[in-house]
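A.B. asks: Okay, sequence plus prediction incoming.
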Amino acid sequence: MSQFLMAIDQGTTSSRAIIFNKKGQIQAQAQQEFEQFFPHDGWVEHDPEEIFQSVINCCKQAIQKAGINAADIASIGITNQRETTVVWDKKTGEAVYPAIVWQDRRTADFCEALKQKGLEQKISDKTGLLLDPYFSGSKIKWILDEVKGAKQRAQKGELLFGTIDCYLLWRLTGEHKTDVTNASRTLLFNIHDMQWDDELVGLFDIPPVMLPTTHACDSRFGMTHEHLFDGPILVGGMAGDQQAALIGQACFKDGMAKSTYGTGCFLILNTGETPRQSQHRLLTTVGYQIGDTVHYALEGSIFMAGATIQWIRDGLKLIDHASETLDMAQQVGANNHVYMVPAFTGLGAPYWDPNARGAIMGLTRDTGIAEIVTAGLQSVCYQTRDLLEAMAKDDAVPARLRVDGGMVVNDWVVQFLSDVMNLPIERPMITETTALGVAYLAGLTSGIYKDLDEVSQLWEQQRQFTPEMADSERDNLYNGWLDSVSRVRTSQ
């Protein structure tokens, strides 16, 4: 029996492939960055073909590094940047327009027009989401409206829509499918009856024939084309990146929560088998569906986390590598009264202000590179506190928080996060839990694991961080953050 699982983790700034053994341990991995395009203020695009080629390259490299072949891999799991939107030709696979990335804000005016018509509550009741450019629905409409002939071709059934998971699956297997977690991020999917909603699809004027079929996360999605990896491999798991991390962190019980620090930051709390509507501008979303059982979640979304550090590196050129930030933060310390509000593409939860823009506050003559870099790190923690405050108002505070993603290898960041949130923070042995989550799904589908209890037993803590900061200092620092945010908001 094949003993290995391969996860494709297609993120916002890079693609990765990771080979796991059945104990959830990494055997080999490969990563490749790809180009980001910013054609106008608030616009963010990717080249779908470049994304696909980066995925294939990573998969082949990881297989080679592991010293195995396709026959040794029981199943592939795919996880992805969720709301990013691709429309492509059904015959050729060629995208009719670049992928419009989840961070993109070009449809803000359209979303505002729907709000003015009083439609946000109806949409929220069905989808659990807010009416925001973040989600896929308005991005699809923009492509159909702005690309010459696209609407007519879509109506004829010549074009397909998919988020990145769906696009990759189609290129890998020829199947036009997605899973329910990704579908739940489109503004077109009814999370109560778990299917595309005819009324919403009509509201966004999207031909239904474009939409993929929807499936549980642990489904048999298809077999890869034989020529890609010298033999077919089952694709047996799919989930959007944040839901995949919820699974990878084994947050299977009501009230368990995780926060992932990748390009953005996403705090998700498992709320069980009944959707729970937030009254404080958090999202209600599908956490996962395994078999016939659906678990829902409350989610807070922050657009800029690791991307803030990437901007400090590539935009400001204050550092050469993210690893330099640890020494700088230790030098400055937590009591830093420089604040960076990284609203480069607007503010996410709980503000949902697409027109807000970034700022650095509190600069003085003795402010240097280290203070600005530290402010960038702290901004991620403050934004997570914003999400926790909103959850508290919804009576949904976790007792502890599991964290993952590239930023949490920085001990200083995780300690400051624990301090500013006044919560114990648990860091797992394997912080690549997004990839691990879909590897688990693929393992469930292929019979490597028999159930979620077996998966839960694989989770292992590497370190726990507990709050050390005095309440007065915590409140003083956070109040400074709230003041800084208030200065960049365009709507209060």
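C.D. replies: That came through fine.

A.B. asks: CA atoms for contacts and neighbours, from now on please.
C.D. replies: Noted.

A.B. asks: what residues are up against residue 440?
C.D. replies: 24, 77, 237, 247-248, 449, 455 (C-alpha atoms under 8 Å, 6 or more residues apart in numbering).

A.B. asks: What segments of the stretch 251-400 of the chain are strands?
C.D. replies: Listed in chain order, the strands of the stretch 251-400 of the chain (DSSP state E, counting those that start in this stretch) span 257-261, 265-272, 283-290, 293-302, 339-341, 359-361.

A.B. asks: Which one of the ones you listed lies nearest to residue 321?
C.D. replies: strand 257-261 (16.8 Å; C-alpha to C-alpha).

A.B. asks: Return the list of helices and strands in contact with the closest one.
C.D. replies: Applying 3 or more C-alpha pairs under 8 Å, 6 or more residues apart in numbering; DSSP states H and E, one finds that strand 257-261 contacts helix 241-248, strand 265-272, strand 401-404.

A.B. asks: Tell me how this protein divides into domains.
C.D. replies: 4-240, 250-428+460-492 (automatic domain parsing).

A.B. asks: Including distance to residue 435, mean neighbour count and mean pLDDT, could the ones you listed go into CSV?
C.D. replies: Shown next, in CSV, are the domains of the chain (distance: least, C-alpha to C-alpha, whole Å; neighbours: other C-alpha atoms under 10 Å; pLDDT from 0 to 100):
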stretch, distance to residue 435, mean neighbour count, mean pLDDT
domain 4-240, 5, 20, 95
domain 250-428+460-492, 10, 19, 92
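
A.B. asks: could you dump the ones you listed to CSV with distance to residue 437?
C.D. replies: Below are the domains of the chain laid out as CSV (distance: least, C-alpha to C-alpha, whole Å):
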stretch, distance to residue 437
domain 4-240, 8
domain 250-428+460-492, 8
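
A.B. asks: right, and those - which one's nearest residue 444?
C.D. replies: From the domains of the chain, taking C-alpha to C-alpha, the stretch that ends up closest is domain 4-240, at 6.7 Å.

A.B. asks: can you give me the end-to-end distance of that closest one?
C.D. replies: Using C-alpha to C-alpha, to the nearest Å, one end of domain 4-240 lies 22 Å from the other.

A.B. asks: Quick check: the residue lying closest to residue 205 once chain neighbours are set aside vs residue 382, distance?
C.D. replies: Leaving aside its sequence neighbours, residue 205 sits nearest to residue 141 (C-alpha to C-alpha, 6 or more residues apart in numbering; 6.8 Å). The span separating residue 141 from residue 382 equals 34 Å under the rule C-alpha to C-alpha.

A.B. asks: show me the contacts for residue 490.
C.D. replies: 353, 355-356.

A.B. asks: quick one: secondary structure of it?
C.D. replies: Assigned with DSSP: H, G, I helix; E, B strand; the rest coil, residue 490 falls in the coil class.

A.B. asks: Give the helix, strand or coil label for the residue nearest to residue 205.
C.D. replies: With three-state DSSP as the basis, the three-state label of residue 141 is helix.

A.B. asks: thought it was touching residue 204?
C.D. replies: Yes - with contacts counted by C-alpha atoms under 8 Å, residue 141 reaches residue 204, the gap being 6.2 Å.
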